[in-house]
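**Student:** how would this look folded up:
(chains A and B)
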Amino acid sequence: MNIASHLDKIDRFEKLRARLDTMGDFELWFWAAMNAGTNAVNAALHHAGATVADDVFPTQPGVYLVPGKDGALEPAFRAPGDVLHVGRPKIESKLPTDVTEMMLAMEVIEHHRDPCIRGERDATPEIAAECAQALAKVLALFSQRMSTPGKAWKP
Amino acid sequence: MEALDHRQRAERIERSIAKCGDADHEMKIEGAMLAGTHWVNFILHRMGVTGANLDVMHSYMLTVNELRKYSVADAEMMAAIAEIEDIRPAHVRGNVPGGPSAADRALLLLATLRGKAQKLFD
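**Tutor:** As a prediction, this is how the structure comes out:
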């Protein structure tokens, strides 16, 4: 997806997350955080030239919805664009240190995804705090990258 | 996960979805997927088709055989959760116009799943 759309989604996910009750709405609070972070990683990967910023949308690693001849979306193989989750798929090229740090921070969040959202582990304030801290790091690194003089992203 | 836990989680996620506004179509769709999957597992467990040790996570990750089996239990249920999943690439991961309408559709499908659970087991 293009970088402007990633930025728009991050902004809206963060506004929603701020309205949700961290523990009372944990599932959606967590999901908004994970989606905000994943969009930041995808935009950073595009900005770094590691993946393609195209308006095609992943259905599974390597498969994207792309506009067909009649304009309707249809699945097709494409070069790496947006990842579904950090590591899915793994980006094989050498990445800038800050992007790698963003991805490592996202793994902290992803670590809690299946146990707390799909599984039987109850979320705790400590887990929520760990996720919030990891996302803050992701977004801080992302903001720094996008505003670095000489490399700043402009719409 | 036990059936009752699925039900409680589905109901809690639905209460969170109610806090989403007009600009939050992605999280309405994701919430419908998360809560809908819990309703599917609740129904399958209560019907005795699957046990607490076998939860559906994403319909597209099921084997063909599993999908066929669960569709025997309730084909409309499996079609509903699959349609919610199919909405996600374009409107959650993508920026295709029509996100709010897609979210309305996902929530309608979620209501179908909730209604099935309530009709069968309340």
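**Student:** so which bits of the biggest helix by length in chain B are buried?
**Tutor:** Secondary structure of chain B per DSSP state H: the longest helix is helix B:64-91. Using 16 or more other CB atoms under 10 Å in any protein chain shown as the test for burial, helix B:64-91 gives B:67, B:70, B:74, B:77-78, B:80-85, B:87-91. Placement of C-beta: from N, CA and C, glycine included.
**Student:** roughly how far does B:Tyr60 sit from chain A?
**Tutor:** To chain A, B:Tyr60 is 8 Å away according to CB to the nearest CB, to the nearest Å.
**Student:** that residue belongs to a strand?
**Tutor:** No. Counting by DSSP: H, G, I helix; E, B strand; the rest coil, one finds B:Tyr60 to be helix, located in no strand.
**Student:** OK, contacts around it?
**Tutor:** B:Tyr60 makes contact with A:60, B:82, B:85 under the criterion CB atoms under 8 Å, 6 or more residues apart in numbering or on different chains.
**Student:** do that again at 6 Å, thanks
**Tutor:** Residues near B:Tyr60 by CB atoms under 6 Å, 6 or more residues apart in numbering or on different chains: B:Glu85.
**Student:** can you pull out the helices in the chain?
**Tutor:** With no chain named, the answer covers chain A. Taking DSSP H as the criterion, chain A carries its helices at A:3-19, A:26-47, A:97-110, A:113, A:125-147.
**Student:** actually it's chain B I care about, not the one you picked
**Tutor:** All helices of chain B, identified by DSSP H, fall at B:3-17, B:25-47, B:64-91, B:99-121.
**Student:** before we move on, the earlier item: run the angle between the longest helix of chain B and helix B:25-47 for me.
**Tutor:** For helix B:64-91 against helix B:25-47, the angle by axes from the mean of the first three to the mean of the last three CA atoms, to 10 degrees is 160 degrees.
**Student:** who's A:Pro58 bridged to?
**Tutor:** Counting by DSSP bridges, A:Pro58 is bridged to A:Tyr64.
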